[in-house]
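*Asks:* Following is a predicted model, sequence given first.
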Amino acid sequence: METTSVGPVPDPDPDTGRAAVVRRLREGMAASVLSLPLTSFHEDGSFDAHGYRAYVAERLAAGPGALFPACGTGEFFSLDEDEYRQAVAIAVEETTGSVPVVAGTGYGWAQALRFARIAEDAGADALLVMPHHLTAAPQDGLVAQMERIAAGTRLPLVAYRRGQVAYTAESVRRLARVPGVIGLKGGHSDLDRLQRAVLAAPDDFLFFNGAATAEVQARSPHARTGSRGGTPIAAVGVPAYSSAVHAFAPEIANAFLAALRGGDTGTVDKLLRDFDVPLVELRDRVPGYAVSLVKAAARLRGCPVGPVRAPLTDPSPADLAALKTLLTTGLDLVGAAL
């Protein structure tokens with residue numbers, strides 16, 4: 001029977017170990033949005049390895065800064081260990097080292113380490129530690145969870161501040177001292193707490209915005225006065241973000257980022273007004289639409305991703321029709337085709 005090791009795992013050579021992962025992630029975050037690919041299923045709900053490989057290749061062709069397979073958008077919570085192994089391995093094979101691969105892991109620390117070992121064997125570069133299941137926990141427990149995972153894997157970890165996992169600034173300070181913990185993905189739309197966390201961490205600690213539809217938070221309050229590239233999130237030290245839109249319309253995601261960084265406030269405003277904000281409003285109608293709508297939009301683009309798995313549900317016919325109209329509008333705005 002497999003046992004769970006909690007002994008410390010030393011950092012390998014800095015040129016090929018954690019320092020190299022941090023450097024590559026930082027470069028990717030500066031270059032483009034971060035992509036969280038969907039996981040492909042057949043109509044009967046079984047894992048579709050062929051469709052997934054084709055889909056991942058399409059995401060990579062669109063130039064993300066890093067790939068995060070089997071995370072929230074990839075329905076990590078519904079994958080068994082063999083499916084997870086295939087998903088991470090395919091992502092690693094398709095990237096061929098072109099961008100970092102950060103696989104999801106989660107549940108309790110013991111189960112998280114089982115997934116971590118699978119990700120290690122599959123060649124992942126790092127792990128995003130998803131919020132643990134159900135149980136509320138104090139800050140000491142949240143930090144201890146990360147310490148236990150970090151002690152049992154060679155892979156560097158990115159903590160995820162989402163749902164019931166709401167690290168305080170002091171907890172982020174403590175996490176930054178844990179060997180192997182290299183950064184934090186912020187999933188709470190709270191700039192004050194995020195600012196405190198950034199100030200509490202050392203300069204080399206990575207931060208990126210992981211709130212659903214992060215583009216809506218991107219425009220600077222001073223954008224209309226001509227400032228270039230400034231955003232509320234960037235103003236507190238978090239300029240990079242993961243984009244759910246990249247999972248189904250990378251043309252829109254990339255056009256938005258280019259306009260944002262180029263100071264093209266007209267394009268930014270138009271995409272926000274006519275595409276991103278309506279997408280958020282549609283997403284908020286039904287629990288789970290943060291994944292279901294993304295997957296439905298990918299299917300509308302012809303991507304071989306299949307349905308979501310229970311407990312998620314695919315969009316209703318009315319919501320699917322609204323999504324198609326919205327997607328057409330967004331693609332028209334950037335000159336792409338459905």
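*Replies:* Received it, and whenever you're ready, just let me know what you need. Residues are numbered from 1 along each chain as shown.

*Asks:* So, low pLDDT: which residues of the protein?
*Replies:* 1-16, 188-189, 212-213, 219-237 (pLDDT under 70).

*Asks:* Where is the longest helix in it?
*Replies:* Ranked by number of residues, the top helix in the chain under DSSP state H is helix 317-334.

*Asks:* buried ones in it?
*Replies:* Asp319, Leu320, Ala322, Leu323, Leu326, Leu327, Thr329, Gly330, Leu331, Leu333, Val334 (16 or more other Cβ atoms under 10 Å). Where C-beta positions appear, they are placed from N, C-alpha and C, glycine not excepted.

*Asks:* ok, so of these, who is nearest Asp203?
*Replies:* Lowest distance from Asp203 to the buried residues of helix 317-334 (Cβ to Cβ) belongs to Val334, with 35.1 Å.

*Asks:* list the contacts for the closest one?
*Replies:* With contact set as Cβ atoms under 8 Å, 6 or more residues apart in numbering, Val334 has these partners: Glu251, Ile252, Ala255, Leu271.

*Asks:* Might you report the residue contacts of the third one?
*Replies:* Yep, that's Ala255 we're talking about. Neighbours of Ala255 in contact, by Cβ under 8 Å, 6+ apart: Thr267, Leu271, Leu333, Val334.

*Asks:* swap the cut-off to 10 Å and go again
*Replies:* By Cβ atoms under 10 Å, 6 or more residues apart in numbering, the residues touching Ala255 are Val245, Ala249, Asp264, Thr267, Val268, Leu271, Gly330, Leu331, Leu333, Val334, Gly335, Ala336.

*Asks:* Just give the closest residue to the first one, not the sequence neighbours.
*Replies:* The one in question is Val245. With sequence-adjacent residues excluded and distances taken as Cβ to Cβ, 6 or more residues apart in numbering, Val245 is closest to Ala253, at 4.3 Å.

*Asks:* For that neighbour, give its distance to Ala151.
*Replies:* Using Cβ to Cβ, to the nearest Å, we find Ala253 at a distance of 36 Å from Ala151.
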